[in-house]
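Asks: give me coordinates for this.
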Amino acid sequence: MELRFEITKDDYINFNLYHIENSPSQRKVYNFLRYGIPLLFSVPVYAIGTIIFQQPASYWVVIALLFILVWIITYPKQHKRVIRRQTEKLLQEGENSSIFGKKIMTLDDQTIKVVGGNSSETTSKQSIQEVKVYEDMILIYLSSITAHIIPTRFLSEELKSELLEELKVPPVL
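Replies: Now for the predicted structure:
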C-alpha cells in the first residue's frame, strides 16, 4: 500500500496538541493549572479584600468565586494558545525540513517506509506502539513521543479504512 500526503506546520502543531491532551503526565499538569491555581489564588484574593481593604466578606466571596469560574472556563483556550505558540517558537529555532513537506508512505507486511524530500525512514510494523485516529489525522506511535503523522485530508474513506485494516486497527464507529 502506498500513501501520498503532505505535512504542514498546522499538522505538526495539532499533533503536539493531541499528544499533550492525551499524555498522562501532561494531563496532571493541565488539571492542576486549570483547577488548582484558581483555588490557590482565590484565598489570597479573599483575604486581601476582607483584611486589607476591610470590605464585606460576602463581596469578596463572590469575587473569588467569579475568578475561579472565569479561570476554569477560559483556561482550555489559553492553554491551547500557549502550546501553539511554544510549538511555533520551537519550530523556528532550527532547520525542520525533514518534518514538513510531501511524503510517500509505503506499507508492506513487515515494514513502514516513509520517504520525504530530505529523508527516508524504514520502521518495522512490530515497533508500532499505538495508532490513534482523529478527524484530521492518523497518528502511528512508535514510542511515547514519536509518531508518523498522516493527515486524513489526503485519504478517501476507503483508503483510510484500508490503512487502518493494514495497521490492524479496529474501525472507528
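Asks: helices along the protein, start to end?
Replies: 9-22, 24-31, 37-47, 57-93, 157-166 (DSSP state H).
Asks: neighbours of residue 137, how many?
Replies: Number of residues near residue 137 (other Cβ atoms under 10 Å) recorded here: 20. Placement of C-beta: from N, CA and C, glycine included.
Asks: do the same with residue 102
Replies: By other Cβ under 10 Å, neighbour count at residue 102 equals 12.
Asks: on the pLDDT front, check it for me.
Replies: Per-residue confidence (pLDDT) for residue 102: 95.
Asks: again, but for the one 3 residues further on
Replies: pLDDT, residue 105: 96.
Asks: now do the contacts for it.
Replies: 2, 3, 4, 5, 112, 113, 114, 115, 148, 150 (Cβ atoms under 8 Å, 6 or more residues apart in numbering).
Asks: so which of those sit within strands?
Replies: Of the positions in those, 2, 3, 4, 5, 112, 113, 114, 115, 148, 150 sit in strands, assigned by DSSP state E.
Asks: and the contacts of residue 105, which of them are buried?
Replies: Among these, the ones that count as buried by 16 or more other Cβ atoms under 10 Å are 3, 5, 112, 114, 148, 150.
Asks: where does this structure have low pLDDT?
Replies: Where the chain drops to pLDDT under 70, the residues are 169-173.
Asks: show me the domain layout of it.
Replies: Taking automatic domain parsing as the criterion, the chain consists of the domains 2-8+98-166, 11-93.
Asks: now the end-to-end length of the first one.
Replies: For domain 2-8+98-166, the first-to-last residue distance is 11 Å (Cα to Cα, to the nearest Å).
Asks: and it, how far out from the chain middle?
Replies: 17 Å (Cα atoms, centre = their mean, to the nearest Å).
Asks: so that it lines up with my notes, have the first residue be 7 from now on.
Replies: Let's use 7 as the start, then, which means that last one is domain 8-14+104-172.
Asks: circling back to that earlier point, and the contacts of residue 111, which is closest to residue 79?
Replies: Using Cβ to Cβ, residue 156 is the member of those that lies nearest residue 79, at 33.8 Å.
Asks: nearest residue to the closest one other than its sequence neighbours?
Replies: residue 144 (4.4 Å; Cβ to Cβ, 6 or more residues apart in numbering).
Asks: if anything else comes up later, I'll come back, but that's it for now.
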